[in-house]
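3D, please:
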Amino acid sequence: RRGVGSHLRVHFELGFHRAMIFLALLLLQVTAGFCASPIDVLVYGSTPSGILAAVSASRHGARVALLSQREHIGGVCTGGLGQTDIGGCADEVIGGIVKEFFLRTAKKYSRPQPRTPWNLEPHVALEVYMEMLNESAVIMLPPDEVQTVSVVVPHAEPPPIESITTVGGASYAAAVFIDASYEGDLMARTPNVDYTFGRESQAEYGESGAGSQNASFAYGIEYMNPYNDSGGLLPLLSPVTPLPRGEADKQIQAYNFRLCVTDNATLRVPWTEPAGYNPDDWELLRRFWLAWPNSTNSHKEAQAAVPSAILGQIPSSTGARKFDMNNCGYNPVHTDMIGGSWGYPNATYEKRRQIWQAHVNYTEGFLWFMSSDASVPASVRTAFREEWGYCGDEFPPGNHPGPPHFPPQLYVREARRLVGGQVLTQNVVVKKAPLGNVSIGMGCYNFDSHCEERYACADSQECPLYSRPYVTLQCGCNVPNPGIYQIPIWVLFPKREQSPNLLVPVCSSASHVAYATIRMEPQFMIIGEAAGVVAALTAKAGGSAVQDVDVDLVAHLLRAEGAILGPSPDAPTYGCQAGTAEKKCLVFPTGHTPTGPDSACNGDCPSMQQREWLALRGHFKPPSATAMTLVSRLSTVLKKSEALSWTLPSTDVQQVGVPGANVSVTLWLEKPPVLFDDKYYLIYCANTNCSTNVSRSMRQDGVHQVT
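Residues are numbered from 1 along each chain as shown. All right, here's what the predicted structure looks like:
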C-alpha cells in the first residue's frame, strides 16, 4: 500500500494528480485527529453514492468518516462512465447536491462541453468529488475492505452494529453505518440481515420481467455454429442451459469497463497485444465477422461502428475529442464479458480480484482482436489499429493496478441486493402511486439489464430461427420504459428486527427488475444524499432506529437542498395536447424509447391552428422542403419549465419552406447514450390551417424517427 508521501510526488499539470493531493491532505487529517472524537456516521464505499452520502451527512451536522475499499475514489463516475445515464429526464429528477456536483464539474471548463452539465471527464469528476469531501471535513480513512461486523451483544432486539473490522486489522465504531459499496459487503457481513442476488421468479413479486428470459436477444442474430471441429463448445459460450422463462436463477447481468477513448493523434495511446493473447479464444467473434458481409441484420451498420455503436462524447480539458466507449449491444460479442460476472457478488475478495483481472484480460483481448484479426472488415480493423486508443490524460500508470490509461473501476452493474421490510418491484415502479414525503427522489431510466448469458440453443421452441443449434443470448427484463417514478425511503432500510443503524443506498431493497432502473449513478447519488440526511438525523437522535426517522423532516431537508421528490406542478406531461403561444405542447420529451409511456401519443396530436406550436426534443435533420416555420432553440440549459413560458424571439424564426405545401418535418432521435444535447425544436404553425400527425418509426440502424 502506498503511503502519503507517494501521493505528493505528482505532475501538477493533471487534475487527477491535484485530486490526489486532496486525498493526501485528508489522509494526514486522519493520522492527526481521527481518534479525537467519536464518529457519528461511517460510510463504506467511495462510490458516487457513498461520497454524496458522506457529504450530505456532514452538511447536516454529523461527524463523518469515509472508508474506501480501494485507492480509486469515485466508482465508475471517475472510472470511465462519462456519458451519464440520465434517461432523458435530468431536469425533472436531478436536483440537490447531486445536481450541485454536475454543475461544479461543468464550471471547470471555459469552453462549452458536450451535454453540459451531465457528461463527465473522469479526472475532473474526481477533482470535484475530492473538493466536496474536503469542504465537508469528511475524514478519509486508509483504503481497506471490511472483514467483520460486530453488533452489540447482549442487546434488546434489534442489535445495532457496534463496529467493523477491516482486512488490515483496523476497527471503526460509529452510531450509524452506510454501506454504499457496489457489492454490499458490509451489509452481507452484518449478522441476520437478509440479502439476495440473481433474478427472482415471476411468481416471487408478480413481475412480468422477472426470472430467466431464455432466448431474448432483441437485435436479431445471424447463424453461427457454436461448436468447434471436435463438437465442443467454442470459447465465450456458456455450457449452462437457461431455465424456463420466469424461473428464478443466480445469473448476473454482464459487467464491463467503460473505456475512455480518443481519436486525437496527440492524446491517443494505441491498443497493444496483451500478454497471453490467444486468437483462438476469439473464434466466436471471428465467425461473426466472417458472416457479417452477407448479413441481413437491420443493425448491420451499427454493428460495424468504430469503436462502438454506443459512444458518448465527454468533456475535454485539452480540447481533444474524448469519448466514453460502452458495449455495442447489437453485436453478440463486445466489451461486456457476458457470463463473467456470475461468481462476483458473493465471492471472496481474492476471487473478485481474479474476476477483475479476467475482465481486464478480456477487454484488452477484444480490442487487440478488433485491431489485428483478418476476419474484421478492413475499414474497422484499420480504425481500431490506427485511429483509436486510450486517452493519455486519464488513469496514468502507477495510480491503479491495471494497465496504463485503463480504467481501474470494473462496472459492477448489479451484485447483492438488500431484502428489507419492503421491496421495490416492477409493479411499484410502473404503477406510480404518489408517495408524498415517503419519496426521497426520482428516476426515469428504462429497465436496463445487460445480457446474462451467451449460449448454444438447441431448443426448437425457444430458438426457432434455425433448424440446428445456434448461438444466441438471454438479455434484459423485456419490460417497457416506466417513465418518471418516485423512489421510496424504505429502499434504504433493512428489516426493523435485523438492524436499526444500517442504511444501504446502492445495494438497496429492490427486485432484480426494479434494480434495473434505479441502478443508474444519478439515482445512486440521489439515494445516497437521502441516506446521509437519514444517518445524520438518526445519529443526532441517539439510540433511535433509522426506520423511525421522521420522513416529513427528511423530505423538508432534501427539498431545502433543491432535491426533486415528486413531479413539479408546472412540468410538462408526457403525451400530446393542444399548444398555443401561451400553452405550448411538448411532444415525446424522453424521445428515445419506442415502447415508453409516450408512445401512445402516435397520431393523437390535435390539429394545429395559427400561432400554435409544438416542441420536440432531439437532433434535427431537416428534409429538403417543408411548409412549417421551424424555430430552433440551441440552448443546452433550457428547462422544460422555461420552455413553457418562453416567448418566441423573431431572430430565432427561420422560414424553411413554401407556405401551403404539404408538411413533412422529421427529427432523428438517436439512441442513448448519444442523446439530444438538451435542445428543443419548436414547430410553429404560421398558416391558418395546419394539420398535424405525429408518428414514430425506427430506421434500420435502430435510430428512432419522429415525423
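
ok, the residue nearest to residue 264 when sequence neighbours are not counted - contacts?
On the basis of CB to CB, 6 or more residues apart in numbering, the spatially nearest residue to residue 264 that is not a chain neighbour turns out to be residue 320, at 3.7 Å. All C-beta atoms are positioned from the backbone trio N, CA, C, and that covers glycine. For residue 320, the contact set (CB atoms under 8 Å, 6 or more residues apart in numbering) comprises 262, 264, 266, 267.

Can you tell me which of these are buried?
Those of the contacts of residue 320 that meet the buried threshold are 262, 264, 267, by 16 or more other CB atoms under 10 Å.

what bits of the stretch 551-700 of the chain have low per-residue confidence?
Across the stretch 551-700 of the chain, residues meeting the criterion (pLDDT under 70) sit at 568-700.

Likewise for the chain?
Across the chain, the ranges flagged by pLDDT under 70 are 1-37, 568-707.

Let's see that with 50 instead.
Under the criterion pLDDT under 50, the flagged ranges of the chain are 1-36, 570-689, 691-707.

So for stretch 191-203, what gets flagged as buried?
Neighbour-count burial for stretch 191-203 flags 193, 195, 196, 197, 198, 199, 200, 202 (criterion: 16+ other CB under 10 Å).

same question but for stretch 224-236, I mixed them up
Counting neighbours by 16+ other CB under 10 Å, stretch 224-236 gives 224, 226, 234, 236 as buried.

among these, which are in helices?
Residues of those located in helices (DSSP state H): none.

Which of those residues sits closest to residue 92?
residue 236 (40.0 Å; CB to CB).

which residues of the stretch 201-350 of the chain fall in strands?
Secondary structure of the stretch 201-350 of the chain (DSSP state E, counting those that start in this stretch): strands at 259-262, 268-270, 311-314, 322-325.

who are the neighbours of the third one, in terms of helices and strands?
Read that as strand 311-314. If you count contacts as 3 or more CB pairs under 8 Å, 6 or more residues apart in numbering; DSSP states H and E, strand 311-314 packs onto strand 322-325.

Other residues contacting the strand it packs on?
80-83, 119, 121, 258-264, 267, 307-308, 310-316, 335, 391, 394, 673.

Could you say which of the strands of the stretch 201-350 of the chain is packed most deeply?
strand 259-262 (a mean of 26; mean count of other CB atoms under 10 Å).

Give me the contacts around it.
Outside strand 259-262, the residues touching it (CB under 8 Å, 6+ apart) are 80, 82, 122, 268, 307, 311, 314, 320-325, 335, 363, 388-392, 394-395, 405-407.

Strand partners (parallel or antiparallel) of that strand?
Its sheet considered, strand 259-262 pairs with strand 322-325 (antiparallel), strand 389-391 (antiparallel) by DSSP bridges.

Redo these as TSV? Include distance to residue 66.
As requested, the strands paired with strand 259-262 are exported to TSV (distance: least, CB to CB, whole Å):
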stretch	distance to residue 66
strand 322-325	26
strand 389-391	27
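
List just the one of those that sits closest to residue 519.
Shortest separation from residue 519 across these is recorded for strand 322-325, at 17.0 Å, computed as CB to CB.

May I have that closest one as CSV, with CA atoms only?
Provided in CSV are the C-alpha atoms of strand 322-325 (Å, rounded to 0.1, in the frame of the first residue of the first chain):
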residue,chain,number,x,y,z
LYS,A,322,-12.7,12.2,-25.8
PHE,A,323,-15.4,9.5,-25.6
ASP,A,324,-16.9,7.1,-23.2
MET,A,325,-16.9,3.7,-25.0
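
from memory residue 222 sits against residue 289, does it?
No. Counting by CB atoms under 8 Å, residue 222 stays clear of residue 289, with 10.5 Å between them.

which one of those two has more residues nearby?
residue 289 (23 against 20; other CB atoms under 10 Å).

Distance of the spatially most central residue of the chain relative to residue 342?
Per CA atoms, centre = their mean, the C-alpha nearest to the average position across the chain is that of residue 520, at 3.6 Å. Look at residue 520 and residue 342: by CB to CB, to the nearest Å, they are 22 Å apart.

so where do the helices sit in the stretch 1-150 of the chain?
4-7, 15-33, 48-59, 90-93, 96-106, 122-135 (DSSP state H, counting those that start in this stretch).

can you give me the angle the fifth one makes with helix 48-59?
Think helix 96-106. Using axes from the mean of the first three to the mean of the last three CA atoms, to 10 degrees, one finds that helix 96-106 and helix 48-59 are set 110 degrees apart in direction.

by contact count, what packs against helix 96-106?
Using 3+ CB pairs under 8 Å, 6+ apart, helix 96-106 sits against helix 48-59, helix 122-135, helix 521-541.

and the buried residues of stretch 191-203, which of them are in helices?
Secondary structure from DSSP H places residue 202 of the buried residues of stretch 191-203 in helices.

What is the nearest of the buried residues of stretch 191-203 to residue 39?
Of all the buried residues of stretch 191-203, residue 193 has the smallest distance to residue 39: 20.6 Å, by CB to CB.

What about residue 254, how many residues nearby?
27.

I figured it hits residue 412, correct?
No. Between residue 254 and residue 412 there is no contact under CB under 8 Å: 10.6 Å.

shared neighbours, those two?
Joint contacts of residue 254 and residue 412 (CB under 8 Å, 6+ apart) are residue 341.

picking up where we left off before, now render the buried residues of stretch 191-203 as a markdown table, adding distance to residue 454.
Listed next are those as a markdown table, based on distance: CB to CB, whole Å:
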| residue | distance to residue 454 |
| --- | --- |
| 193 | 34 |
| 195 | 27 |
| 196 | 24 |
| 197 | 20 |
| 198 | 18 |
| 199 | 17 |
| 200 | 22 |
| 202 | 23 |
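
Show the contacting residues for the residue lying closest to residue 339 once chain neighbours are set aside.
Nearest residue to residue 339 in three dimensions, chain neighbours excluded: residue 238, at 5.0 Å (CB to CB, 6+ apart). By CB under 8 Å, 6+ apart, the contact list for residue 238 reads 339, 453, 454, 455.

Please report how far residue 555 lies from residue 565.
Using CB to CB, residue 555 is found at 6 Å from residue 565.

Which neighbours do those two have in common?
Shared contacts of residue 555 and residue 565 (CB under 8 Å, 6+ apart): 437, 439, 440.

so how many other residues sit close to the residue lying closest to residue 136 once chain neighbours are set aside?
The shortest distance from residue 136 to any non-neighbouring residue, by CB to CB, 6+ apart, is to residue 58 (3.9 Å). Residue 58 is flanked by 25 other residues according to other CB under 10 Å.

Residue 374 too?
Neighbours of residue 374 (other CB under 10 Å): 10.

excluding its backbone neighbours, what's nearest it?
Counting by CB to CB, 6+ apart, residue 374 lies nearest to residue 381, which is 7.9 Å off, once chain neighbours are set aside.

Run a quick neighbour tally on that neighbour.
Count around residue 381 with other CB under 10 Å applied: 19.

gap between the helix or strand it falls within and the chain center?
Per DSSP states H and E, residue 381 falls inside helix 378-386. Computed by CA atoms, centre = their mean, to the nearest Å, the chain-centroid distance of helix 378-386 equals 29 Å.

Then stretch 478-493?
Mean C-alpha position of stretch 478-493 versus that of the full chain (CA atoms, centre = their mean) differs by 15 Å.

For that stretch, list every residue counted as buried.
For stretch 478-493, the neighbour count (16+ other CB under 10 Å) marks 479-493 as buried.

what does stretch 556-564 give?
For stretch 556-564, the neighbour count (16+ other CB under 10 Å) marks 557, 558, 561, 563, 564 as buried.

Tabulate these (TSV), appending secondary structure and distance to residue 281.
As requested, those are exported to TSV (DSSP: H, G, I helix; E, B strand; the rest coil; distance: CB to CB, whole Å):
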residue	secondary structure	distance to residue 281
557	helix	53
558	helix	49
561	coil	50
563	coil	47
564	coil	47
